[in-house]
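Asks: sequence and computational prediction follow.
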Amino acid sequence: MSTKTQNVKNFINQIGKENQLFLFVGSSDTDSESNSPKTQIDLWKESDFSIKVGKDNIVGVVPNVKWARKRTYTPWSANKLNQGNYYAYNDTNGYVYLCISDNRENRIDLQGKNVSNNLPSHTSGDVTYDDGYTWKALFKITPSMEKFVNEQWIPVVSFDNYEPIDMDSPFAQIQNYCYPSTTKDGGKCALYFKDNVTYFDGNGASVLGVKGNLYKTFDSLLCHECYTTFNENETFISRFYGSETPPASIDIKDPYDTIGEMISRNEIPTSSPYYYLYTANAQSPDEGHVVSVKINLQDYTAEDLQIDTENPELEVLSNSGSGARIRLKTYKTQLGTIHVNGIEVLSKGSGYKDIQLELNSADIIGTTTKDQLLSLIEINLDEIDGLGFDPMKVLNAEHAMVDVRIDKPTLNNSNLSIPSSINFYTLMQNPRYNSDYIAGTNENKYTSTLYRTTAKVSVYTPVTNPSPDKTARITKSDGTVLRDLKVGKVTGSSVYSPTAAAQLELKGLEYSQFNNLSNSTITIDGTSFTIKAVENVPQFNQYSGKVLSSKKTTSLDISDVETAIIRINMVKGM
């Protein structure tokens, strides 16, 4: 697996746990470009609101290779980096297919010379179609994932990213982990191996850690320390015990087995992509099977490849797997001579981590030696855990997509600033809130929440209310003139006796300056207003967090359509 693919998995798994993601959205008149240092500063002063990104709005993506008639596809290989059109998306039934072969003879030298004319449409296993193409059904893009499909990208799933839906916040998860209350203080933090792993002890000796077995117990950690230290650890699963002795082993089920049990109990909906990922994988050949064999006859003539046996079966040797049967494909001339023209798998077997072929040299009567002929054969073994177990690895996912949609009524009811247009959005990781904790950690990971990034103030109104979308200047009571800022939404819903007041949304200042504007004067188009009260200010710790991506785009007008949906779609490479 590439490092980038693992980064994508980690990025998705950490959302709502180690990492909180926010989109800052707004409009800016500056000429800064996407992902420039200036844009990263502007987001804090020019944004109109922020959205905490729920985990349902993030997925790994790969290029959209949509199946098309008369297009060539390259068969998948276990022996090289796969690129280009080696898979295809059927946008009719939603399945993504892996190309196993593009010709019935399984000839490497014929690859790219045969176009695909039959749309793959099966839902599990490998099927060879009339055009000579063999396709493996990998997974299905269900309706819940279709929002991530566009002309450039399609979503991809992996059992490694599956987790039961937990609607609790991270704080509540710690409380549940430490239930009952008697275990919140002293106790034992036990670590169990998540998978079989080899490690070195203090003397440098190699030791096998067995999945589910106890590795070590810490007697001095508090429950919350046990949770926060080892939660989501790649090697261990932690359990906290009170006065009782931790068991020597626990039962650990991987996501594949967990989903299988849930399907048998009707506890997972058919709308889930993991339902189809499981069924496609469950009906595929066993792990470690021979996916395909290919032979390259480019530099050999018919005379070179003459043998005396039709379709001879090769001997399959291995230290690990069993059950595979492979044979050469031959044709017979009118003169009765037999020649090799391909290769095929008769039985895929299982459990193979190594494989070698053998052929009786007495069968060969052409100019090619046995060793030469065997060297022309390429064997493609199944991935560890199976090709269908981890499509993200098979399809080399190196990007994650964030897709957030928010409608105008939600904005209108949020009591936040609503710009007339937007022209930038920035993806931020772990901004701090109130300087005390990372924003969003008190909410469950699936929640998408609006946050304030502007200040709301009430001003005494003279004859007319101030106009929105204007540049304003604030003069504080001590005579200090603050830099120009923007006036956003204006409402007259509040009344301050004996003078009517309007409410303004302000942006453009340092957040620390918003807190002490009472009795200051704000000047808009030459008319001055006195700030009665500061109603609400951003609670973010300004300039905190890490900017992952910042997009400056053409202005999108959202002022006229009350039913408009603002859709923000970002793709981040890893």
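Replies: Right, received. Where do you want to start?
Asks: only C-alpha atoms from now on, for both contacts and neighbour counts.
Replies: OK.
Asks: can I take it that Thr74 is in a strand?
Replies: No - per DSSP: H, G, I helix; E, B strand; the rest coil, Thr74 lies outside any strand segment and is coil.
Asks: contacts only, for the closest residue to it other than its chain neighbours.
Replies: The spatially closest residue to Thr74, leaving aside those adjacent along the chain, is Tyr86, at 4.6 Å (C-alpha to C-alpha, 6 or more residues apart in numbering). By C-alpha atoms under 8 Å, 6 or more residues apart in numbering, the residues touching Tyr86 are 73-76, 98-99.
Asks: how close does Tyr86 get to Arg405?
Replies: Applying C-alpha to C-alpha, to the nearest Å, the value for Tyr86 to Arg405 is 32 Å.
Asks: next one: Gln283
Replies: In terms of C-alpha to C-alpha, Gln283 sits 36 Å off from Arg405.
Asks: before we move on, what about Thr39?
Replies: For Thr39, the distance to Arg405 - C-alpha to C-alpha - is 22 Å.
Asks: mind checking which of those two has more residues around it?
Replies: Neighbours per residue, other C-alpha atoms under 10 Å: of Thr39 and Arg405, the larger number sits with Thr39, 24 against 13.
Asks: what helix or strand is the more buried one on?
Replies: helix 37-46 (DSSP states H and E).
Asks: show the average pLDDT along that helix.
Replies: Average pLDDT, helix 37-46: 82.
Asks: list the buried ones in it?
Replies: Neighbour counts over helix 37-46 (16 or more other C-alpha atoms under 10 Å) mark 39-40, 42-46 as buried.
Asks: I'd assumed Ser350 was in contact with Gly321.
Replies: Yes - counting by C-alpha atoms under 8 Å, Gly321 touches Ser350, with 5.5 Å between them.
Asks: report the distance from the helix holding Thr39 to the chain centre.
Replies: Chain-centre distance of helix 37-46: 27 Å, with C-alpha atoms, centre = their mean, to the nearest Å.
Asks: give me the contacts around it.
Replies: With C-alpha under 8 Å, 6+ apart, helix 37-46 has contacts from 24-28, 32-33, 425-426, 453, 507-510, 542-543, 547, 550, 552.
Asks: again, only this time at 7 Å
Replies: By C-alpha atoms under 7 Å, 6 or more residues apart in numbering, the surrounding residues in contact with helix 37-46 are 24, 26-28, 32-33, 426, 507-509, 542-543, 547, 550.
Asks: in space, what's closest to Leu450 - neighbours in sequence excluded?
Replies: Spatial nearest neighbour of Leu450, chain neighbours left out: Ile51 (4.6 Å); criterion: C-alpha to C-alpha, 6+ apart.
Asks: direction included, what does the host helix or strand of Lys136 pair up with?
Replies: When elements are assigned from DSSP H and E, Lys136 belongs to strand 134-140. Counting by DSSP bridges, the strands paired with strand 134-140 are strand 95-101 (antiparallel), strand 126-128 (antiparallel).
Asks: rewinding a little: how near is the residue nearest to Thr74 to Thr72?
Replies: Distance from Tyr86 to Thr72, counting by C-alpha to C-alpha: 9 Å.
Asks: same check, this time on Asp195
Replies: The value you get for Asp195 to Thr72, if C-alpha to C-alpha is used, is 40 Å.
Asks: next one: Ser116
Replies: For Ser116, the distance to Thr72 - C-alpha to C-alpha - is 6 Å.
Asks: for Leu277, same thing?
Replies: Going from Leu277 to Thr72 by C-alpha to C-alpha gives 26 Å.
Asks: which one of these two is surrounded by more residues?
Replies: Between Leu277 and Thr72, counting by other C-alpha under 10 Å, Leu277 is the more crowded of the two (26 against 19).
Asks: the nearest residue to that one once chain neighbours are set aside: how many residues sit nearby?
Replies: For Leu277, ignoring the flanking residues on the chain, the nearest one in space by C-alpha to C-alpha, 6+ apart is Phe139 at 4.8 Å. As a burial measure, Phe139 scores 30 neighbours (other C-alpha under 10 Å).
Asks: who touches Phe139 in this structure?
Replies: 95-96, 276-277, 280.
Asks: wait, Glu398 touches Val8, no?
Replies: Yes - Glu398 is within contact range of Val8, at 6.3 Å (criterion: C-alpha atoms under 7 Å).
Asks: now the terminal residues of stretch 466-482, how far apart.
Replies: Using C-alpha to C-alpha, the end-to-end distance of stretch 466-482 comes out at 19 Å.
Asks: which of the residues in it are classified as buried?
Replies: Buried-residue list, stretch 466-482, by 16+ other C-alpha under 10 Å: 466, 468, 471-476.
Asks: for stretch 192-200, same thing?
Replies: For stretch 192-200, a neighbour-count test (16+ other C-alpha under 10 Å) marks 192-195 as buried.
Asks: likewise stretch 254-267?
Replies: Residues 255-256, 259-260, 263 are the ones in stretch 254-267 that count as buried (16+ other C-alpha under 10 Å).
Asks: convert the C-alpha atoms of stretch 212-220 to CSV, please.
Replies: C-alpha atoms of stretch 212-220 as CSV (Å, rounded to 0.1, in the frame of the first residue of the first chain):
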residue,chain,number,x,y,z
GLY,A,212,-6.4,-10.7,21.0
ASN,A,213,-3.6,-11.7,23.5
LEU,A,214,-2.7,-9.5,26.4
TYR,A,215,0.6,-7.6,25.7
LYS,A,216,1.0,-5.4,28.8
THR,A,217,-0.9,-4.0,31.8
PHE,A,218,-0.3,-0.5,33.2
ASP,A,219,-1.3,-0.2,36.8
SER,A,220,-0.6,3.5,37.2
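Asks: roughly how far apart are Val25 and Leu395?
Replies: Distance, Val25 to Leu395, using C-alpha to C-alpha: 32 Å.
Asks: okay, and Val207 sits in which element?
Replies: Using DSSP H and E, Val207 sits within strand 206-209.
Asks: still on that earlier bit, let me know which of the strands paired with strand 134-140 is tucked in deepest.
Replies: Ranked by mean neighbour count, these are led by strand 95-101 with a mean of 25 (mean count of other C-alpha atoms under 10 Å).
Asks: skip the chain neighbours and tell me the closest residue to Ile522.
Replies: Excluding the flanking residues, the one nearest Ile522 by C-alpha to C-alpha, 6+ apart is Ile474, at 4.3 Å.
Asks: who touches that neighbour in this structure?
Replies: Neighbour list for Ile474: 481-482, 520-523 [criterion: C-alpha under 7 Å, 6+ apart].
Asks: Throw those into TSV and include distance to Lys370, pLDDT and secondary structure, thanks.
Replies: Below are these laid out as TSV (distance: C-alpha to C-alpha, whole Å; pLDDT from 0 to 100; DSSP: H, G, I helix; E, B strand; the rest coil):
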residue	distance to Lys370	pLDDT	secondary structure
Val481	90	75	strand
Leu482	86	74	coil
Ser520	93	83	coil
Thr521	94	83	strand
Ile522	91	82	strand
Thr523	92	82	strand
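Asks: can you redo those as a markdown table with distance to Thr3?
Replies: Shown next, in a markdown table, are the contacts of Ile474 (distance: C-alpha to C-alpha, whole Å):
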| residue | distance to Thr3 |
| --- | --- |
| Val481 | 52 |
| Leu482 | 48 |
| Ser520 | 54 |
| Thr521 | 55 |
| Ile522 | 53 |
| Thr523 | 55 |
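Asks: and of those, the nearest to Lys216?
Replies: Taking C-alpha to C-alpha as the measure, Lys216 lies nearest Leu482 of those, at 59.4 Å.
Asks: ok, and the closest non-adjacent residue to that closest one?
Replies: Ile474 (5.4 Å).
Asks: for Ile438, same thing?
Replies: Nearest residue to Ile438, sequence neighbours excluded (C-alpha to C-alpha, 6+ apart): Arg432, at 4.2 Å.
Asks: got it, and Leu381?
Replies: In space, and not counting its chain neighbours, Leu381 is closest to Val290: 4.7 Å by C-alpha to C-alpha, 6+ apart.
Asks: before we move on, what about Ser284?
Replies: Excluding its sequence neighbours, the residue lying closest to Ser284 (C-alpha to C-alpha, 6+ apart) is Gly125, at 4.6 Å.
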